[in-house]
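Q: Please work out how this folds:
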Amino acid sequence: MALLTFIVLGAILVTYGWYWGGVSEARTSAYAMGAGTLILTLLAAFNPADPAVWALTALGAMYGGLATANAWNEGAQDRTYGLFALFFAFALLLGVAAESNATDSLSEIGLGALLLAIVFVMHFIAAALVPTVKGFKAFVGWITLIVGVVVAFFGYADALDIDISM
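A: Residues are numbered from 1 along each chain as shown. Just a heads-up that it's a prediction; the model follows:
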């Protein structure tokens, strides 16, 4: 389940980064993110596995829903989205701290959560603190796209026999 969560969450991040980077239209991106959000919601509802994976899936579904709503409204709710991005960053950082205390290392889940937390802090800054600076929002969009590709790669790492851990 963690593999599929990372792949779908990576696709949502790539789509949202593509939109924030200024390449796609808002409603076009909202449809793609909405489909990914539906998949993550179904994964969280019907496949309760490892608590860390379930938490990441549930947070991903909530994030996808907010990102979809934000894109659909064409940025009308940026400050509210920024507040929730900060909330997700703190939740993910607490998950990273719990995993590192439990295992003395970080696996794909911990590293992916750390990258997501960093991106969500950047989303908080771009959406809530400086929402009028379009250049910074575009920069954060491209960083989000890159992190989305990395997170999706974490989903494929096991299939490729690549061990990602620290």
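Q: low-confidence ranges in the chain?
A: Across the chain, the ranges flagged by pLDDT under 70 are 1, 48-49, 74-77, 99-106, 165-166.
Q: For the top helix by length along the chain, name the packing helices and strands.
A: In the chain, assigned by DSSP state H, the helix with the most residues is helix 78-103. The contact analysis (3 or more C-beta pairs under 8 Å, 6 or more residues apart in numbering; DSSP states H and E) places helix 78-103 against helix 51-72, helix 108-124. Bear in mind the C-beta positions are built from the backbone N, C-alpha and C, glycine included.
Q: Export the ones you listed as TSV, with columns for mean neighbour count and distance to G22.
A: Formatted as TSV, the helices and strands packed on helix 78-103 follow (neighbours: other C-beta atoms under 10 Å; distance: least, C-beta to C-beta, whole Å):
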stretch	mean neighbour count	distance to G22
helix 51-72	22	13
helix 108-124	23	15
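Q: Export the strand or helix carrying L43 to PDB, keeping only CA atoms.
A: Element membership of L43, judged by DSSP states H and E, is helix 26-46. Extracted in PDB, the C-alpha atoms of helix 26-46 (Å, rounded to 0.1, in the frame of the first residue of the first chain):
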ATOM      1  CA  ALA A  26      -6.600  25.500 -12.700                       C
ATOM      2  CA  ARG A  27      -9.700  23.400 -13.500                       C
ATOM      3  CA  THR A  28      -7.700  21.000 -15.600                       C
ATOM      4  CA  SER A  29      -5.400  20.400 -12.700                       C
ATOM      5  CA  ALA A  30      -8.300  20.100 -10.300                       C
ATOM      6  CA  TYR A  31      -9.700  17.100 -12.200                       C
ATOM      7  CA  ALA A  32      -6.400  15.200 -12.200                       C
ATOM      8  CA  MET A  33      -5.800  15.900  -8.500                       C
ATOM      9  CA  GLY A  34      -9.400  15.000  -7.700                       C
ATOM     10  CA  ALA A  35      -8.900  11.500  -9.300                       C
ATOM     11  CA  GLY A  36      -5.800  11.000  -7.200                       C
ATOM     12  CA  THR A  37      -7.500  12.200  -4.100                       C
ATOM     13  CA  LEU A  38     -10.300   9.700  -4.700                       C
ATOM     14  CA  ILE A  39      -7.800   6.800  -5.000                       C
ATOM     15  CA  LEU A  40      -6.000   7.900  -1.800                       C
ATOM     16  CA  THR A  41      -9.300   8.100   0.000                       C
ATOM     17  CA  LEU A  42     -10.300   4.600  -1.000                       C
ATOM     18  CA  LEU A  43      -6.900   3.300   0.000                       C
ATOM     19  CA  ALA A  44      -7.200   4.900   3.400                       C
ATOM     20  CA  ALA A  45     -10.800   3.700   3.900                       C
ATOM     21  CA  PHE A  46     -10.500   0.100   2.700                       C
END
